[in-house]
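[1] sequence and predicted structure below; questions after.
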Amino acid sequence: MNFHTLLKALAGLLATALLVAVVWLLCLMASGYGLLIGLCAFAGMVVWACLEAKKFKATEGESGAVVYTDYNDVFKCLSVVIVPVVIFFFGASLGQIESLLIFCLLYAVLMFLHIAYRTAQDNSFLMLPVLLVVKIGLSVICVVTFYQMLDPSGKSRKARRSGRAKSILAMMMITPLISHLVLDNEGKELLRVRRFSGAGIL
């Protein structure tokens, strides 16, 4: 472990927290338009990350940024959300909620630190806040969308079907986006992130 990279990663985490806090504050200040501001800010960061990833590939690493190193990196980002949710969901029936919460929080924090360190190895400090927000933000959206696809909300059958259709459309957009942001194909067989094949359900 490189000490300089570790310091850069920790500073990047602090900058990420400040960035999220500023956007959150702006959302609170703009009553009625908070959600729109938050979505626009995140969409802007995603577009920025896409442009930097494209530049990195075009210049063969001379400039630009690396969002996901490979599909193992994608899996790690997803696990920050998936592992705590799964452990808490299935372990809640066994009791000891406080212990489960501590473990889930500890796992999420340690994995996020690892992701930040790995991201800091390939990118400049100025890009770290944007990249970390994009990586974790897309992971949250992907997991929530997948859950909604499996168990759509809604009181009526028509509402649930509509919710599932929207989730499928979202997955059809998210999976190619993530694939575009991945630099190397290593670990692709683990996630099998290809063109989403759930359109037939529509």
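    Received it, and whenever you're ready, just let me know what you need.

[2] hey, let's count contacts and neighbours off CA atoms from now on
    Will do.

[3] next SSE downstream of the host helix or strand of Lys76?
    In this structure, Lys76 is located in helix 71-91 according to DSSP states H and E. Using DSSP H and E, the helix or strand that follows helix 71-91 in sequence is helix 97-122.

[4] buried ones in that following helix?
    Of all the residues in helix 97-122, those buried under the rule 16 or more other C-alpha atoms under 10 Å are 100-101, 104, 107-108, 111-122.

[5] do stretch 10-29 as well
    So stretch 10-29, judged by 16+ other C-alpha under 10 Å, has buried residues Leu10, Ala11, Gly12, Leu13, Ala15, Thr16, Val20, Val23, Cys27.

[6] what's the answer for stretch 125-137, then?
    Buried positions in stretch 125-137, judged by neighbour count with 16+ other C-alpha under 10 Å: Phe125, Met127, Leu128, Pro129, Val130, Leu131, Leu132, Val133, Val134, Lys135, Ile136.

[7] with stretch 140-153 instead?
    Those would be Val140, Ile141, Cys142, Val143, Thr145, Phe146, Gln148, Met149, Pro152, Ser153, for stretch 140-153 by 16+ other C-alpha under 10 Å.

[8] export the particular helix or strand that has the fourth one in it as CSV, just CAs?
    According to DSSP H and E, Val143 maps onto helix 128-150. Extracted as CSV, the C-alpha positions of helix 128-150 are listed here (Å, rounded to 0.1, in the frame of the first residue of the first chain):
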residue,chain,number,x,y,z
LEU,A,128,-11.8,11.7,-7.2
PRO,A,129,-15.0,13.4,-5.8
VAL,A,130,-16.8,13.1,-9.1
LEU,A,131,-15.7,9.5,-9.8
LEU,A,132,-16.6,8.3,-6.3
VAL,A,133,-20.1,9.9,-6.4
VAL,A,134,-20.7,8.4,-9.8
LYS,A,135,-19.5,4.9,-8.9
ILE,A,136,-21.5,4.6,-5.7
GLY,A,137,-24.5,6.6,-7.1
LEU,A,138,-24.8,4.2,-10.1
SER,A,139,-24.5,1.2,-7.7
VAL,A,140,-27.3,2.5,-5.6
ILE,A,141,-29.5,3.1,-8.6
CYS,A,142,-28.7,-0.2,-10.1
VAL,A,143,-29.5,-2.2,-6.9
VAL,A,144,-32.8,-0.2,-6.3
THR,A,145,-33.8,-0.6,-9.9
PHE,A,146,-33.1,-4.3,-9.9
TYR,A,147,-35.1,-4.8,-6.7
GLN,A,148,-38.0,-2.8,-8.1
MET,A,149,-37.9,-5.1,-11.2
LEU,A,150,-38.2,-8.2,-9.0
